[in-house]
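Peer 1: When you get a sec, could you give me coordinates for this:
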Amino acid sequence: MSTVTTKTETRRQEMSQEERQRLLEDNLPEVRYIARRIHDRLPSHVNFDDLVHAGILGLIDAVDKFDPGKNVQLKSYARFRIRGAILDSLRQLDWSPRHLRRQARRIEEVNRELSAELGRNPTEPEIAQKLGISLEEFQHQLGELRGLDLGSLQAQTEDYGGEEPLSSAIAQQEEDPFQLAARAEMRGLLAEGIEQLEAKEKQVLGLYYLEELTMKEVGVLLDVGESRVSQIHTAALMRLRSWLSARINSNAAGRKSQPKLADSSKRNCI
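Peer 2: Numbering: from 1, shown residues only. Model (predicted):
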């Protein structure tokens with residue numbers, strides 16, 4: 001039996017059944033909250049209760065493996081395990097059919113083309129006209145495409161190996177100057193990209209990601225339906241991806257076009 005397994009079994013024996021049950025019950029609301037936020041970004045056919053069930057399994061795993069001796073709170077560790085368990089369950093589902101991915105790529109291409117032509121982000125009616133469909137049909141497509149940005153969630157919850165808490169993994173990454181510089185540059189690009197969005201899109205992203213409201217709560221504040229919030233959210237993320245892709249490619253092309261320093265041997269001959 002490995003050392004890690006032995007430690008886990010020891011912790012289980014030391015924790016009373018009453019204490020374990022209390023910790024599970026105290027953190028159950030967190031399961032529903034995380035499941036709701038992930039479900040907000042998925043196609044409507046994905047069952048919410050299935051996400052909750054997967055999250056509960058993640059919570060049980062967190063409570064059983066939690067080590068108070070490590071410098072991390074149970075709530076933070078549980079969030080990591082709950083989110084990871086839900087995303088693992090989604091990887092086993094065909095929740096993102098190929099035709100939706102093709103549809104998303106087409107909309108992003110049209111957005112890039114119109115942005116280049118107009119010198120600004122195109123409006124939804126302009127994108128719909130370019131696609132040759134009505135505004136209502138375009139907005140319906142946006143509703144179908146929600147969830148295609150889930151890859152960003154998956155990247156945030158990579159399993160960093162064994163029982164290492166998320167906070168420890170982040171701390172190790174932040175010790176790397178290259179990681180810090182890359183993260184800072186990406187934050188700057190994101191901030192610049194967000195400034196290009198329409199006011200309503202910026203509001204939705206701010207309320208959803210910064211204030212951590214659900215789509216339903218955002219809809220109440222903005223006096224629009226939950227489905228419309230989802231459409232705006234999807235459109236904003238697709239615009240951001242399109243803008244970031246164009247900007248990063250432009251920067252890369254600029255670096256390639258810069259003249260290289262002359263070889264030292266050639267400089268010595270001058």
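Peer 1: which residues does Ala35 contact?
Peer 2: Shown in contact with Ala35 (CB atoms under 8 Å, 6 or more residues apart in numbering): Phe48, Leu51, Val52, Ala54, Gly55, Ile86. C-beta here means a position set from N, CA and C on the backbone, and glycine is covered the same way.
Peer 1: which ones are touching the last one?
Peer 2: For Ile86, the contact set (CB under 8 Å, 6+ apart) comprises Ile34, Ala35, Ile38, Leu51, Ala54, Gly55, Gly58.
Peer 1: That one is in what secondary structure piece?
Peer 2: Using DSSP states H and E, Ile86 sits within helix 74-91.
Peer 1: still on that earlier bit, mind checking which of the contacts of Ile86 are buried?
Peer 2: Among these, those that count as buried by neighbour count (16 or more other CB atoms under 10 Å) are Ile34, Ala35, Ile38, Leu51, Ala54, Gly55, Gly58.
Peer 1: Centre of the chain to stretch 56-74, how far?
Peer 2: 23 Å (CA atoms, centre = their mean, to the nearest Å).
Peer 1: As CSV, could you dump the C-alpha coordinates of that stretch?
Peer 2: Below are the C-alpha coordinates for stretch 56-74, written out as CSV (Å, rounded to 0.1, in the frame of the first residue of the first chain):
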residue,chain,number,x,y,z
ILE,A,56,-21.7,15.5,-4.9
LEU,A,57,-19.3,12.7,-5.8
GLY,A,58,-16.5,15.3,-6.1
LEU,A,59,-17.4,16.7,-2.7
ILE,A,60,-17.3,13.3,-1.1
ASP,A,61,-13.9,12.7,-2.7
ALA,A,62,-12.7,16.1,-1.3
VAL,A,63,-13.9,15.4,2.2
ASP,A,64,-12.3,12.0,2.3
LYS,A,65,-9.0,13.2,0.9
PHE,A,66,-8.7,16.5,2.6
ASP,A,67,-5.6,17.0,4.7
PRO,A,68,-5.8,19.7,7.3
GLY,A,69,-2.1,19.7,7.5
LYS,A,70,-1.8,21.3,4.1
ASN,A,71,-2.1,25.1,3.8
VAL,A,72,-5.5,25.1,2.1
GLN,A,73,-9.1,25.4,3.3
LEU,A,74,-11.5,22.6,2.8
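Peer 1: before we move on, back to that, which of the buried ones among the contacts of Ile86 lies closest to Ala236?
Peer 2: Taking CB to CB as the measure, Ile38 is the one of these closest to Ala236, at 17.8 Å.
Peer 1: Surely the closest one touches Phe48?
Peer 2: No: counting by CB atoms under 8 Å, Ile38 sits too far from Phe48 to count as a contact (9.4 Å).
Peer 1: about what we covered before: possible to save the contacts of Ala35 as CSV with secondary structure?
Peer 2: Formatted as CSV, the contacts of Ala35 follow (DSSP: H, G, I helix; E, B strand; the rest coil):
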residue, secondary structure
Phe48, helix
Leu51, helix
Val52, helix
Ala54, helix
Gly55, helix
Ile86, helix
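Peer 1: Could you list the domains of the chain?
Peer 2: 1-95, 97-145+176-256 (automatic domain parsing).
Peer 1: How far off centre is the last one?
Peer 2: For domain 97-145+176-256, the distance between its averaged C-alpha position and the chain's averaged C-alpha position is 13 Å (CA atoms, centre = their mean).
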